[in-house]
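Colleague: structure for this input, please:
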Amino acid sequence: MQLKEIDVDFSSDKVEKKLKSLEGGCFEEINLFRHLSKAIDELKINPVAGVKMQHRLWPKQCRSLDLDNLYKYDLPNGWRLIYTIKNQGVRLLAVIIEWLSHKAYEKRFKYLVRDLPRYTYGPVSNLLYCT
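Modeller: Below you'll find the predicted structure:
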């Protein structure tokens, strides 16, 4: 059995330029660049290193791209790398779509952020109960 060649690419030139611009940024951007570079290196070895996302959870932006699959790769500090895998005959291509902060990821994928239960004292004997 012959192994397929694995490559990593970007969904657009804009995404690639955005990644390169992080390299010369502030400390947080340089740190993010390092984490993204490590993730890209890992995807070159194992393109299914991320978590495959269910189609019903895909945002409109990703559904309009005519994708067969969508993966998320968890980065440090709550960042998420969103990518897809394309089978191109003798090679696999991991295509990086975007990376998002945890808050932007929750908003884009419409995860509900539920309020934590409020604890109050009850009217009888000052017992703690959840409302």
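Colleague: tell me the buried residues in the longest helix anywhere in the chain?
Modeller: Selection of the longest helix in the chain by residue count, based on DSSP state H, yields helix 27-45. For helix 27-45, a neighbour-count test (16 or more other Cβ atoms under 10 Å) marks L32, F33, H35, L36, A39, I40, L43 as buried. To be clear about C-beta, it is placed using only N, CA and C from the backbone, and glycine gets the same treatment.
Colleague: which one of the residues you listed is nearest N69?
Modeller: L43 (13.5 Å; Cβ to Cβ).
Colleague: save the buried residues of helix 27-45 as a markdown table, and put in pLDDT and distance to L19 too.
Modeller: Below are the buried residues of helix 27-45 laid out as a markdown table (pLDDT from 0 to 100; distance: Cβ to Cβ, whole Å):
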| residue | pLDDT | distance to L19 |
| --- | --- | --- |
| L32 | 94 | 9 |
| F33 | 95 | 7 |
| H35 | 96 | 11 |
| L36 | 96 | 6 |
| A39 | 96 | 11 |
| I40 | 96 | 9 |
| L43 | 95 | 13 |
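Colleague: pick out whichever of those sits closest to V15.
Modeller: For the buried residues of helix 27-45, the minimum distance to V15 (Cβ to Cβ) is 10.7 Å, reached by L36.
Colleague: list the contacts for that closest one?
Modeller: Shown in contact with L36 (Cβ atoms under 8 Å, 6 or more residues apart in numbering): L19, L22, L75, L81, W99.
Colleague: so what's the closest residue to the second one other than its chain neighbours up against?
Modeller: Leaving aside its sequence neighbours, L22 sits nearest to F33 (Cβ to Cβ, 6 or more residues apart in numbering; 3.9 Å). Taking Cβ under 8 Å, 6+ apart as the definition of contact, the neighbours of F33 are L19, L22, E23, G25.
Colleague: would you quantify the distance from F33 to Y111?
Modeller: Separation of F33 from Y111 (Cβ to Cβ, to the nearest Å): 26 Å.
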